[in-house]
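J.: Predicted model and sequence below, questions to follow.
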Amino acid sequence: MTERTFPSRRDFLKKTAAVAAGAALASQLSIGRTAHAAGSDQLKAALIGCGGRGNGAIRDCLSADPGVKVIAVADAFEDRAKNAADSLRREQANRVDLPEDRVFTGLDAFQKAIDCGVDLIVTATPPGFRPLIYSAAIKAGKHVFMEKPCCVDAPGFRTLMAANQLAESNGLKVGVGFQRRHTPSYVETIKRIHDGAIGKLMLLRAYWNGSGIWNNKRQPGWTEMQYQVRNWYHFCWLSGDNICEQHIHNLDVCNWAKDAEGDPKKTHPVEANGMGACLLRYLGEWKGTGQIFDEHFVEFVYADGARMLSQCRHIPNTWGNVSEAVHGTQGESNCNGWLKAQSEWRFRGENVNSMVQEHKDLIDAIRKGTKYHEGWHGATSSMTAVLGRMATYSGQVVKWDEAVEKGTSEFPKRLAWDAEAPVKLGADGNYPIPVPGIYKAY
């Protein structure tokens, strides 16, 4: 399989800027006028990123609406794209139209999927690629569902925000994989918090403590770049570290709880300090598997002085906890179906499959032409996680505005299977790990 050299973000944005005006005009045509032109309710979708989450996301999308039809899949790796296409053909024969010429592979496969006549992009690639893919899809006038996190560094955040503005200007609909925002127990609890049930929020707590994640063992013939993309979670330029990849769910809930005014562009921490460490990836079976931290602890500060305490960890045989909690001047809540102030309240309603519901809500907005833009909180919560990582890697107090303006790219200058990888395995069999006190946040 031949791979093409992938452009830098800067080059990519320059090259695609010329088509933005035309895309803007095309995107102003609602899906009600374009997708129904043939007299059907069909919504043509493409999956970009055919790993485990991508395969799950496209099935959630199909479950959400009977009019969705998958007409393209794309992945950097040929085996993953073909496996995804084959399984969809077997399981969803009447819901897919996947000829071989719409099974795209390679590092430029995402653009081919965007350009093949789809209405909706569902993307679940490694997060490092997400700003480029999202920007390309929005400039092409496509509605987008993207998994979280939406970026892994400050340049990626800036790309997201520019694409968000274009999407909003052109009426495009954007969904982000924060399923808690579509879970009735969370929705009702956060609404009560916003209505003042526990008073002014002073302290928030967020946790994602677990035992660790998968690793694909190095295979003969893989280049270093192929190894790192196959093991994307273990490398900062691809995953943003576990504080971004998993813990972002909990950070997003806390930002959501603080967002009583409904403006996620303004509701985020303004600074962070923290600490973290990496030991296990230097030891035993974990040795040489990657360069992310095993654990992070961050104190985030909001503009009004409220604090959010954040923990995430990948260490077996330790205390596990995935949750959120908020404490106000008049009470407290777990954000998910319970709060206590002068009296105790519990959610008594029915919950739904929120990973399907998030697609249903997006598609309903596409069909009805109603405003729907989760890209804003997708970007700010992703940058919240990046801010925390900058603090733990550096050991310094990191300011939001400075981080957004000065934060450097984690992305490689050239992306091809034979290109030099951003980090290299050392003579001791380990990848270099950021060292607090030496690492510079910006």
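T.: Thanks, I have it. Residues are numbered from 1 along each chain as shown.

J.: So in the chain, which helix runs the longest?
T.: For the chain, the helix that runs over the most residues, judged by DSSP state H, is helix 375-394.

J.: Show the secondary-structure elements that that helix is packed against.
T.: helix 154-169, strand 174-176, helix 242-245, helix 248-258, strand 271-277, strand 295-301, strand 398-399, helix 400-406 (3 or more CB pairs under 8 Å, 6 or more residues apart in numbering; DSSP states H and E). Any C-beta I mention is one placed from the backbone N, CA and C, and that applies to glycine too.

J.: For the first one, which outside residues touch it?
T.: Translated: helix 154-169. When contacts are defined by CB atoms under 8 Å, 6 or more residues apart in numbering, helix 154-169 is touched by residues 9, 13, 20, 24, 128, 130-132, 134-135, 138-139, 144, 150-151, 172-174, 373, 375-376, 378-379, 382-383, 386, 403-409, 411, 442.

J.: State the mean pLDDT of that helix.
T.: Averaging pLDDT along helix 154-169 yields 98.

J.: who touches Asn216 in this structure?
T.: By CB under 8 Å, 6+ apart, the neighbours of Asn216 are 230-231.

J.: Would you enumerate the residues in contact with Glu224?
T.: Glu224 touches 421, 424-425, counting by CB under 8 Å, 6+ apart.

J.: Could you single out the nearest of those to Cys50?
T.: Ala421 (22.1 Å; CB to CB).

J.: Report the contact partners of the closest one.
T.: Counting by CB under 8 Å, 6+ apart, the residues that Ala421 touches are 224-225, 228, 412.

J.: Lowest-confidence entry in these?
T.: Pro412 (93).

J.: re the thing from before, would you turn the contacts of Glu224 into a markdown table with distance to Asp115 and pLDDT?
T.: Shown next, in a markdown table, are the contacts of Glu224 (distance: CB to CB, whole Å; pLDDT from 0 to 100):
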| residue | distance to Asp115 | pLDDT |
| --- | --- | --- |
| Ala421 | 29 | 94 |
| Lys424 | 35 | 94 |
| Leu425 | 37 | 93 |
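
J.: from these, which is closest to Asn334?
T.: Nearest member of the contacts of Glu224 to Asn334, counting by CB to CB, is Ala421, at 41.5 Å.

J.: My reading is that that closest one lies in a helix. Confirm?
T.: No: applying DSSP: H, G, I helix; E, B strand; the rest coil, one finds Ala421 to be coil, outside a helix.

J.: Could you find the closest non-adjacent residue to it?
T.: The shortest distance from Ala421 to any non-neighbouring residue, by CB to CB, 6 or more residues apart in numbering, is to Glu224 (4.4 Å).

J.: How about Thr318?
T.: Asn209 (6.7 Å).

J.: Which element, helix or strand, includes that neighbour?
T.: strand 201-210 (DSSP states H and E).

J.: just the angle between that strand and helix 248-258, please?
T.: 170 degrees (axes from the mean of the first three to the mean of the last three CA atoms, to 10 degrees).

J.: Which strands border strand 201-210, and is each parallel or antiparallel?
T.: strand 307-314 (parallel), strand 321-328 (antiparallel) (DSSP bridges).

J.: any idea which helix or strand comes after the last one?
T.: Going back to what we said before, that points to strand 321-328. strand 332-333.

J.: quick one: average pLDDT of that next one?
T.: 98.

J.: Show me what that strand is packed up against.
T.: Using 3+ CB pairs under 8 Å, 6+ apart: strand 332-333 touches helix 184-194, strand 321-328, strand 338-340.

J.: any residues touching that strand, and which ones?
T.: By CB under 8 Å, 6+ apart, strand 332-333 touches 189, 192-193, 197-198, 325-326, 339-340.

J.: low pLDDT regions in the stretch 1-150 of the chain?
T.: Applying pLDDT under 70 to the stretch 1-150 of the chain picks out residues 1-40.

J.: thinking Val298 is in contact with Cys254, fair?
T.: No: Val298 lies out of contact with Cys254 (CB atoms under 8 Å); the separation is 11.4 Å.
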